[in-house]
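S.K.: below are the sequence and a predicted model for it; my questions follow.
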Amino acid sequence: SNVFGRTRVARNPDDFFGANQWLWADSAYASQVWCVTPFKRPPGGALTRDQKTFNYHLSKVRVRSEHFFGSIKGRFQSLRELRFPIQGKKELDYSNMWIRCCLILHNSIIKIKKSLG
């Protein structure tokens, strides 16, 4: 949206995304090569069947992703408070490392629960 358009990610996406990397966003964001959004219905028009199919599948993935992140935030309270501006690679790497640690712990907990029956 408007605020996002002023961020470093929006102004310099090549600093954050490599080839074949992109961001999912909702329809409030502008569609870019690096920012995948659902198709919007044109004024007075309709979406094509392919566009509707794309939106349907994108929505399913986004909902599952949002549910997953909600459950991870419920398990690891530190992720709720992981709020700081990502101004460059250092901050991005730090937040990615923190999230990866939580995901490793999450997967370990699942394996331990399975082994205990």
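M.R.: Now that the structure is in, tell me what you want to look at. In this text, all values refer to a predicted model and were calculated from it rather than measured experimentally.

S.K.: which residues of the protein fall in helices?
M.R.: 8-11, 49-75, 89-116 (DSSP state H).

S.K.: pick the most buried one from those helices.
M.R.: helix 8-11 (a mean of 15; mean count of other CB atoms under 10 Å). Every C-beta, even on glycine, is put in place using the N, C-alpha and C of the backbone.

S.K.: state the distance from the residue positioned nearest the centre of the chain to residue 55.
M.R.: For the chain, the residue nearest the mean C-alpha position is residue 24 (5.6 Å; CA atoms, centre = their mean). Residue 24 sits 12 Å away from residue 55, going by CB to CB, to the nearest Å.

S.K.: next, count neighbours for residue 38.
M.R.: Neighbour count of residue 38, defined by other CB atoms under 10 Å: 20.

S.K.: before we move on, back to that, how about the nearest residue to the residue nearest to the centre of the chain, chain neighbours excluded?
M.R.: residue 36 (5.4 Å; CB to CB, 6 or more residues apart in numbering).

S.K.: these two touch, right, the one you found and residue 26?
M.R.: No - judged on CB atoms under 8 Å, residue 36 makes no contact with residue 26 at a distance of 10.5 Å.

S.K.: higher neighbour count, those two?
M.R.: residue 36 (15 against 11).

S.K.: that one: what's it in contact with?
M.R.: 22-25, 58 (CB atoms under 8 Å, 6 or more residues apart in numbering).

S.K.: tell me the spacing between it and residue 51.
M.R.: 13 Å.

S.K.: before we move on, what about residue 45?
M.R.: On the measure of CB to CB, residue 45 and residue 51 end up 11 Å apart.

S.K.: same deal with residue 23?
M.R.: On the measure of CB to CB, residue 23 and residue 51 end up 20 Å apart.

S.K.: excluding its backbone neighbours, what's nearest residue 32?
M.R.: residue 13 (7.1 Å).

S.K.: returning to that earlier point: with distance to residue 40 and mean pLDDT added, can I get the helices of the chain in TSV?
M.R.: Below are these laid out as TSV (distance: least, CB to CB, whole Å; pLDDT from 0 to 100):
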stretch	distance to residue 40	mean pLDDT
helix 8-11	19	87
helix 49-75	9	91
helix 89-116	29	92
